[in-house]
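Trainee: output the structure for:
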Amino acid sequence: MSDRRVVVVWLVLWGCFCRTASGDEAGAIRQSAEAFAEAFNRGDAKAVAAFWTENGELVDEAGKTHQGRAAIEAEYAEFFKAHPGAKIRISPGSIRMIDDSTALESGTASLESPLTGAASYTAVHTKQNGQWLMATVRESSAAAESLPDLDWLVGTWTGEEHGAKSEITYSWLPDKKYLKREFTVTAPDGKATSGLQIIGVNPRTGQIVSWGFISDGGHTIGAWRPSPGGWTIEAAGMLPDGVATYAVNTLTKLDDNGYSWRSERRSVGGQSRPDTDEVILKRAETKQK
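Mentor: Prediction:
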């Protein structure tokens, strides 16, 4: 396994780092969110779906995937038929740039009339012909997520993928507001890549997020969502040479001493990469306090 493959694997497995969007970029995406709400509040399914790319994806709060603009239009048409007069309010949170034409946004969508309720969302926007469109949107319950839910990860874990050996240690920072993850990946030829990740809760959205720093200069961030038995982490970012990465990762707790990791829908520099094999990590020592 090459050094670059080791770095690529760990960047797409553990998230991305993006710069904060400029005023113009963030303003354009926020205006798009407002226009989306206006189309929704008119009950116009075709106009709503037009905010996605042609092959865009919507993963709803129930975990169901709607692939492509036509399928998304059909889903909204069915919703508007069942709930005439439904109104929504979109509250964008953070907006970060992955590259000049890709942005990662998180926020909250609230149904206000006649239905009530709220969901958090993470959206990947792409700029096409000067217009920001949504490539992927994932929804989840807006209830605040609890960082102590990750307490079981504290300790040291080991695993292996295609001959590359991993050692990962999780520990709390003082006051337990952030969880620190340190890792080293050693390739079959003995060359090692190490890094540091900080996991915390976004106080505005209540969503768990992570920021990472790789020894070769790569940077990472990820948006975490609860999933059956574990977490789904939407990741998008860059390699040290500026090449963008994206992946949807799944962490599943097997028991107190083991968890699995799988990375899917991966891309590097806009080019699709195969899904990874499932990696099993085992606890190497008694849980730290």
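
Trainee: per-residue confidence for the closest residue in space to Gly269 that isn't next to it in sequence?
Mentor: Distances taken as CB to CB, 6 or more residues apart in numbering place Val243 nearest to Gly269, at 4.4 Å, with adjacent residues excluded. Glycine gets a C-beta too; all of them are placed from N, C-alpha and C. Model confidence at Val243, given as pLDDT, is 85.

Trainee: give me the domain ranges for the protein.
Mentor: 3-18+145-283, 20-141 (automatic domain parsing).

Trainee: now these in JSON lines, with mean neighbour count?
Mentor: Below are these laid out as JSON lines (neighbours: other CB atoms under 10 Å):
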{"stretch": "domain 3-18+145-283", "mean neighbour count": "18"}
{"stretch": "domain 20-141", "mean neighbour count": "17"}
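
Trainee: longest helix in the protein, by residue count?
Mentor: helix 23-42 (DSSP state H).

Trainee: separation between the closest residue to Met238 other than its chain neighbours and Ser263?
Mentor: Once flanking residues are discounted, Met238 sits nearest to Ala244: 5.6 Å by CB to CB, 6+ apart. Applying CB to CB, to the nearest Å, the value for Ala244 to Ser263 is 15 Å.

Trainee: worst-scoring helix or strand of this structure, pLDDT-wise?
Mentor: helix 3-14 (a mean of 40; mean pLDDT, DSSP states H and E).

Trainee: where does the stretch 1-150 of the chain dip in pLDDT?
Mentor: The model of the stretch 1-150 of the chain has pLDDT under 70 over residues 1-23, 141-146.

Trainee: roughly how far apart are the residue nearest to Leu254 when sequence neighbours are not counted and Asn249?
Mentor: Leaving aside its sequence neighbours, Leu254 sits nearest to Ser260 (CB to CB, 6+ apart; 6.1 Å). In this view, Ser260 and Asn249 are 11 Å apart by CB to CB.

Trainee: so what's Gly230 scoring on pLDDT?
Mentor: 88.

Trainee: tell me the gap between stretch 158-176 and the middle of its chain.
Mentor: The chain centroid and the centroid of stretch 158-176 are separated by 20 Å under CA atoms, centre = their mean, to the nearest Å.

Trainee: tell me how far stretch 238-253 lies from the chain's centre.
Mentor: 9 Å.

Trainee: centre-most residue in this protein?
Mentor: Glu234 (1.8 Å; CA atoms, centre = their mean).

Trainee: correct me if wrong: that residue contacts Thr245.
Mentor: No: the pair Glu234 and Thr245 fails to qualify as a contact (CB atoms under 8 Å) at a distance of 11.9 Å.

Trainee: could you find the closest non-adjacent residue to Ala49?
Mentor: In space, Ala49 is closest to Glu73, 3.6 Å off (CB to CB, 6+ apart).

Trainee: tell me if I am right that the one you found is in a helix.
Mentor: Yes: checked against DSSP: H, G, I helix; E, B strand; the rest coil, Glu73 lies within a helix.
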